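1. below are the sequence and a predicted model; questions follow.
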Amino acid sequence: MPWKECSVMDERLRFIARLLEGESMSDLCREAGISRKTGYKIFSRYKEEGLTAISDRSRRPYRYANQLPPQLEAMIVSLKKNKPHWGARKLRELLLRRLPNDIKPPAVSTIHAVLDRNGLVCHQGRPRRRAQGTPLSAGAAPNDLWCVDFKGEFRLGNGNYCYPLTVTDHASRYLLLCEALDSVREDPAIAAFEHLFRERGLPAAIRSDNGVPFASPNALFNLSKLAVWWLRLGIGIERIKPGHPQQNGRHERMHLTLKKETTRPPGFNALQQQARFDAFVREFNAERPHEALDMQRPADRYAPSPRLYAGLPELNYPMHDKHYMVTACGRVCMHRKKINISTVLAGQLVGLKEVEDSIWLVSFMHYDLGYIDLEQKTLQPIDNPFGTRLSPMS
């Protein structure tokens, strides 16, 4: 039977059986189309563990940051309930005695995060304020919710790309911004938003997708520097579920009209294209009636926000033991140790509170980020305080 007609399990069984009968490793590997290194790896597993070693193995790591096998998490919770006055460090020692030798126990900060997630940590001082995910808000009144996106890029007449940054008010459908940018980088987007905030005030929340610059897929809680800046201004962040543009449906519908009326054909250069965008914004807001608004115009429903933009407020942490500035490389330096937090928080002040010997709670504004274990020199994130963790794979 050819190799390709066998199941993976059958192939490995046959491979090992022929090796045990004395056939050459080189000949068998050549016939199977695998390297000798792979062949020896299969055979070594068989000699060490028997037939269980040749079944398919998951490539998922045994442990993820902030994720443990449910059996191990349940074991930690059970130990804590039996020893309610023991902290994470003592519970880890108990785990060391009870777990098999080939299973490495989690770090102290991970155990503390498990206890916190299960309501087994007593918090002193103020009650913790933490967002509970993002059901998306209704945005019923003007400036309750703004929607933002980059309309798909397109080429101008001179061959350069244009990336229109658009912002609308959810309730009134007022088109607040349509800016012709040359990239989706954060700095131009921040400059555009700063100008918009000075002109229109601050919204209660901003809804976006999970792309840059609104989110960073590899950063802590998928935050970006733009999102951190919004948070500092007291603006809530909302993110639609990947693959569900209908959750920003009003904004997407505006994009269809924008594309049809301003990009066919496009302007020759960015200045010409911006002039087309500006004319579209004036007509869309002040002339065009909307069926969803009972044939009123967006300008009939919209008024600037009473929350004026006055720069970033100062941060202070009266309920914390210490505060540190996050360095340009995304670290805090305490007790001569460098602990990575996130580069998106570079230049931001964070508060730290010791909750157990060498275990410190890290907070940004009133959001708790996780626990620092000084011995491990790591940050163990806790449940996402900024809403459901959304990534392109979710």
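-> Yep, it's here. Numbers count the residues shown, from 1 in each chain.

2. the host helix or strand of Tyr324 - contacts with which helices or strands?
-> According to DSSP states H and E, Tyr324 maps onto strand 322-325. Counting contacts by 3 or more C-beta pairs under 8 Å, 6 or more residues apart in numbering; DSSP states H and E, strand 322-325 packs against strand 331-334, strand 349-356. Every C-beta, even on glycine, is put in place using the N, C-alpha and C of the backbone.

3. output these as JSON lines; include the columns mean pLDDT.
-> Shown next, in JSON lines, are the helices and strands packed on strand 322-325 (pLDDT from 0 to 100):
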{"stretch": "strand 331-334", "mean pLDDT": "90"}
{"stretch": "strand 349-356", "mean pLDDT": "91"}
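
4. what's the closest of those strands to Thr168?
-> strand 349-356 (32.9 Å; C-beta to C-beta).

5. that closest one: which residues count as buried?
-> Residues 350-353, 355-356 are the ones in strand 349-356 that count as buried (16 or more other C-beta atoms under 10 Å).

6. tell me the contacts of the nearest residue to Ser183 once chain neighbours are set aside?
-> Nearest residue to Ser183 in three dimensions, chain neighbours excluded: Tyr163, at 6.0 Å (C-beta to C-beta, 6 or more residues apart in numbering). By C-beta atoms under 8 Å, 6 or more residues apart in numbering, the contact set of Tyr163 is 150-151, 153, 180-184.

7. all strands for the stretch 1-150 of the chain, in order.
-> Ranges of strands in the stretch 1-150 of the chain, per DSSP state E, counting those that start in this stretch, are 145-150.

8. so where is the stretch 101-250 of the chain shaky, pLDDT-wise?
-> Applying pLDDT under 70 to the stretch 101-250 of the chain picks out residues 101-102, 122-135.

9. distance between the strand holding Tyr324 and the chain's centre?
-> Counting by C-alpha atoms, centre = their mean, to the nearest Å, strand 322-325 is centred 24 Å from the centre of its parent chain.

10. partner strands of that strand, with direction?
-> Here strand 322-325 is paired, per DSSP bridges, with strand 349-356 (antiparallel).

11. kindly export the partner strand (C-alpha atoms) in PDB.
-> The C-alpha coordinates for strand 349-356 follow below in PDB (Å, rounded to 0.1, in the frame of the first residue of the first chain):
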ATOM      1  CA  LEU A 349       2.400  56.600  34.000                       C
ATOM      2  CA  VAL A 350       1.300  53.400  35.600                       C
ATOM      3  CA  GLY A 351       0.400  52.600  39.200                       C
ATOM      4  CA  LEU A 352       1.700  49.600  41.200                       C
ATOM      5  CA  LYS A 353       0.300  48.100  44.400                       C
ATOM      6  CA  GLU A 354       1.900  45.200  46.200                       C
ATOM      7  CA  VAL A 355      -0.800  42.600  46.800                       C
ATOM      8  CA  GLU A 356       1.500  39.800  48.000                       C
END
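
12. for the buried residues of strand 349-356, which one is nearest Gly119?
-> Nearest member of these to Gly119, counting by C-beta to C-beta, is Val355, at 14.5 Å.

13. count of residues packed around the closest residue to the closest one other than its chain neighbours?
-> Spatially, and ignoring its direct neighbours in sequence, Val355 is nearest to Leu361 (5.1 Å; C-beta to C-beta, 6+ apart). Neighbour count of Leu361, defined by other C-beta atoms under 10 Å: 23.

14. longest helix of the chain?
-> Using DSSP state H, we find that the single longest helix of the chain is helix 270-286.

15. output the contacting helices and strands for that one.
-> Here helix 270-286 touches strand 161-169, strand 175-181, helix 249-262, helix 298-301, going by 3+ C-beta pairs under 8 Å, 6+ apart.

16. each with direction, which strands does the second one pair with?
-> Right, strand 175-181. Partners of strand 175-181 in the sheet, by DSSP bridges, are strand 161-169 (antiparallel).

17. distance from stretch 146-153 to the middle of the chain?
-> Relative to its parent chain, stretch 146-153 has a centroid offset of 19 Å by C-alpha atoms, centre = their mean.

18. okay, helices next: where are they in the protein?
-> Counting by DSSP H, the helices of the chain are 8-20, 25-32, 36-49, 70-82, 88-98, 108-117, 186-200, 225-232, 249-262, 270-286, 298-301.

19. what's the nearest residue to the residue positioned nearest the centre of the chain if we skip its chain neighbours?
-> By C-alpha atoms, centre = their mean, the mean C-alpha position of the chain lies nearest to Asn222, the distance being 2.1 Å. Leaving aside its sequence neighbours, Asn222 sits nearest to Ala215 (C-beta to C-beta, 6+ apart; 4.7 Å).

20. need phi/psi at that neighbour.
-> Per-residue torsions, Ala215: phi -140, psi 160 (degrees, to the nearest 10).

21. what is the neighbour count of it?
-> For Ala215, using other C-beta under 10 Å, the count is 22.

22. where's it relative to Glu93, distance?
-> 39 Å (C-beta to C-beta, to the nearest Å).

23. likewise His195?
-> 57 Å.

24. beta-bridge partners for Leu175, please?
-> Applying DSSP bridges to Leu175 gives these bridge partners: Thr168.

25. residues near it, how many?
-> Neighbours of Leu175 under the rule other C-beta under 10 Å: 25.

26. go ahead and confirm it touches Met254.
-> Yes. Leu175 is within contact range of Met254, at 6.6 Å (criterion: C-beta atoms under 8 Å).
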